[in-house]
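Undergrad: 3D, please:
(chains A and B)
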Amino acid sequence: MHIPDGFLDNDVALATGVIAAAAVGYGVRRAGRTLDERTVPLLGVTAAFVFAAQMLNFPVAGGTSGHFLGAALAAVLLGPWTATVVLSVVVTAQAFMFADGGITALGANILNMGVIGALAVGGLMLAARRILPRRRSVLLGVTAVGAWSAVMLGALATALQLAASGTVPLGTVVPAMLGVHALIGIGEAAITVTAVAAVLAARPDLIAGAPPAAPAVRHTAIVQEA
Amino acid sequence: MGGGCGHLPAPPTVGGRLRGLDARAKVVGLIGVTIVAVSAPLEAWPTWVACALVLAAVAVAAEARPREIARRAAPVLPPVLFVAAFAPLLSGGRAVASLGPLTVSDHGLRVLAEVGAKATIGTVAAVLLGLTTTFPETLEALRRMRAPRTLTLIAAFMYRYLVTLVDEVRRMRAAMTSRGFRPRSPFAAAVLGRLVAVLFLRSLGRGERVYRAMLSRGYGGQLPAVAVGRLGAADAAFVAVVALALVPARVLAGMAA
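TA: Now for the predicted structure:
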């Protein structure tokens, strides 16, 4: 899903850049309220975790493979705004270290692989906490839907940006991207649900919206440890 | 999908005459090349030639071997060009040729030329930056160019623990493979979730220990800066040469177009 240089026209590159900068800027301020600058080492290690987890690939269909993206998992474990910040660092580092994703498409890539997924999952979790019972099965179900939707929304946003830039026709790129990512999303959801279930068993205090049987401490537990 | 994620970048192996330059000059110069190339439409194609010449000159000055540049661009560029190669067949527009049942459109050829040139220039520029500058140097440059401190600090810690965690993933993956784990469908990926959870909890534990160790050594939110340099004449000259080569080319090509 990394968009390289040249695939976006100047207007789309600029617009996505401004939106991404605003979202990450707000995320930094928002995260700064709960996490002061001294807890940054933890976020750095978490960013390295997302980076390393993205190495995991799985077969999709017809010999192609997809890899884990981690936006939904980061949002469940860290909260949406902190996840946005961490994911933006990961995507930026990929552009600078591996030339993976263009520098001029950085805003679009941060949006598609970070902001959109993290905020969508965050919103979904918040809504679920308000209207659904606090049960393990509910949390895992919401996680599955969230992980799949995060991949699909990111793919849709990528397709729309490419089409708006005139690089590929809308009618071709949208079904192609959504078709492939519907399957990648299944892998993403499977990994995310198993991971959340395992963290829930070992450290329920780390997950906001954990069932009440576990101490319902928000993810600020990370901060308290520090 | 990003094919490059699995491979950690080798540290800069070359640098030649660029090794001593301030990282800020290299970041501004090489990103400048990408931005100028991306901003130019097909009609202003001489701009792309100028960008390519500047990159070639930088590669020569840095004593970067073509083979090394190709090796680093290999995970990224070929898949991109492969996708771009389909543009002439898929895009709408006036048909200019037909290959059996397929038609080649003029708009599609235009997309192929633009995307091919820009993606190649952007990737090579980023590869040259990686070849001549370490990631901590790049970060320090971004920090001193007023990138948000929280972000550069997170990136610095991420870089420090990347190798450790990537190694850990490789070991766990090898352990699963040697016990017969061969996923055949996206559903089978669920097993990897346990690996991810273990990795997360270990990362968290590691982060907490690192943080306490740093506190006990007097950490209060500030990291000692890597060798703080001043921008010198050589740095100014590098940026000026890049700008003098590209800006007139872009303006003239833009007017001619």
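
Undergrad: Any regions of the stretch 1-150 of chain B where pLDDT drops low?
TA: In the predicted model, the stretch 1-150 of chain B carries pLDDT under 70 at residues B:1-15, B:91-93, B:100-101.

Undergrad: And for chain A?
TA: A:34-38, A:62-63, A:209, A:211-226.

Undergrad: all helices in it, in order from the N-terminus.
TA: A:10-34, A:40-53, A:71-78, A:80-98, A:106-110, A:116-131, A:136-164, A:170-202, A:221-225 (DSSP state H).

Undergrad: Could you export the fourth one as CSV, CA atoms only?
TA: It refers to helix A:80-98. In CSV, the C-alpha atoms belonging to helix A:80-98 read as follows (Å, rounded to 0.1, in the frame of the first residue of the first chain):
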residue,chain,number,x,y,z
PRO,A,80,-6.0,5.8,18.8
TRP,A,81,-4.0,9.0,19.1
THR,A,82,-0.9,7.4,20.5
ALA,A,83,-1.2,4.8,17.8
THR,A,84,-1.4,7.5,15.2
VAL,A,85,1.8,9.1,16.4
VAL,A,86,3.7,5.7,16.6
LEU,A,87,2.5,4.6,13.1
SER,A,88,3.4,7.9,11.6
VAL,A,89,7.0,7.5,12.9
VAL,A,90,7.1,3.9,11.4
VAL,A,91,5.9,5.0,8.0
THR,A,92,8.2,8.0,7.9
ALA,A,93,11.2,5.8,8.8
GLN,A,94,10.3,3.3,6.1
ALA,A,95,10.4,6.2,3.5
PHE,A,96,13.8,7.4,4.8
MET,A,97,15.5,4.1,5.5
PHE,A,98,14.2,1.8,2.8
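
Undergrad: So which residues of the stretch 101-250 of chain B form strands?
TA: Listed in chain order, the strands of the stretch 101-250 of chain B (DSSP state E, counting those that start in this stretch) span B:102-105.

Undergrad: which residues touch the residue nearest in space to the middle of chain A?
TA: For chain A, the residue nearest the mean C-alpha position is A:A71 (1.7 Å; C-alpha atoms, centre = their mean). Residues near A:A71 by C-beta atoms under 8 Å, 6 or more residues apart in numbering or on different chains: A:A83, A:L87, A:M113, A:G114, A:I116, A:G117, A:A118, A:V121, A:A150, A:G154. Heads up, the C-betas are built off the backbone N, CA and C, glycines and all.

Undergrad: can we see that at 6 Å?
TA: A:L87, A:G117, A:A118, A:A150 (C-beta atoms under 6 Å, 6 or more residues apart in numbering or on different chains).

Undergrad: Over to B:C51?
TA: B:V33, B:A37, B:I121.

Undergrad: In TSV: those residues, plus distance to B:L244 and neighbour count.
TA: TSV is the format used below for the contacts of B:C51 (distance: C-beta to C-beta, whole Å; neighbours: other C-beta atoms under 10 Å in any protein chain shown):
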residue	distance to B:L244	neighbour count
B:V33	13	25
B:A37	16	29
B:I121	18	25
